[in-house]
Structure formats: C-alpha cells, structure tokens
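In: Okay, sequence plus prediction incoming.
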Amino acid sequence: MITLPVSTGAVWPSVGFGFWKVEKSSAAELAQQAIAAGYRYLDCACCSATIGSAV
C-alpha cells in the first residue's frame with residue numbers, strides 16, 4: 001500500500017474508498033467488503049453512523 005506522510009508524522013493511505021453515492025442500506029456490507037479487500041481509508045462522512053456499526 002502506498003502511503004503519504006502528513007504533518008503530524010503519521011502516514012495516510014494514498015487511495016481510499018468513498019461512500020458518497022452508496023445507498024445507506026448497503027453501506028455496512030460494502031464497508032466490510034472494502035476492509036476485506038485491503039482499504040484502510042474509508043471516506044464515509046455521508047453515512048458514518050451506518051459504517052461505524054459495521055466496523
């Protein structure tokens with residue numbers, strides 16, 4: 001996985017998975033699939049409560 005350094009010294013994944021156009025009814029299952037596929041950055045501001053319960 002390619003990462004980028006941030007000002008705090010931490011690293012951030014260069015590629016993330018976005019949930020902007022995902023229906024909330026399928027977001028939890030999709031989040032689990034994305035994590036299983038190796039994604040570590042989930043942009044889920046639009047449905048964070050749904051994703052939080054899945055993680």
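Out: Thanks, I have the structure now.

In: Quick check: phi and psi at the residue nearest the centre of the chain.
Out: Most central in the chain under C-alpha atoms, centre = their mean is residue 42, positioned 1.0 Å from the mean C-alpha point. Per-residue torsions, residue 42: phi -110, psi 120 (degrees, to the nearest 10).

In: Quick check: the closest residue to it other than its chain neighbours vs residue 41, distance?
Out: Among residues not flanking residue 42 along the chain, residue 17 sits closest, at 5.4 Å (C-beta to C-beta, 6 or more residues apart in numbering). Where you see a C-beta, it was placed from the backbone N, CA and C, and this is true even at glycine. For residue 17, the distance to residue 41 (C-beta to C-beta, to the nearest Å) stands at 7 Å.

In: quick one, which of those two is more surrounded?
Out: Under the criterion of other C-beta atoms under 10 Å, the comparison of residue 17 against residue 41 puts residue 17 first, with 19 against 15.

In: picking up where we left off before, spit out the contact partners of the residue nearest to residue 42.
Out: Counting by C-beta atoms under 8 Å, 6 or more residues apart in numbering, residue 17 makes contact with 34, 39, 41, 42, 43.

In: quick one: which of those residues is nearest to residue 55?
Out: Distance to residue 55, by C-beta to C-beta, is smallest for residue 42 among the contacts of residue 17, at 7.9 Å.

In: Just confirm the closest one contacts residue 51, I think it does.
Out: Yes. Proximity of residue 42 to residue 51 meets the contact threshold set by C-beta atoms under 8 Å, at 6.3 Å.

In: what do those two both touch?
Out: Shared contacts of residue 42 and residue 51 (C-beta under 8 Å, 6+ apart): 19, 31.

In: Columns secondary structure, distance to residue 13 and pLDDT on top of the contacts of residue 17, output as TSV?
Out: Formatted as TSV, the contacts of residue 17 follow (DSSP: H, G, I helix; E, B strand; the rest coil; distance: C-beta to C-beta, whole Å; pLDDT from 0 to 100):
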residue	secondary structure	distance to residue 13	pLDDT
34	helix	12	94
39	coil	8	93
41	coil	4	91
42	strand	10	92
43	strand	11	92
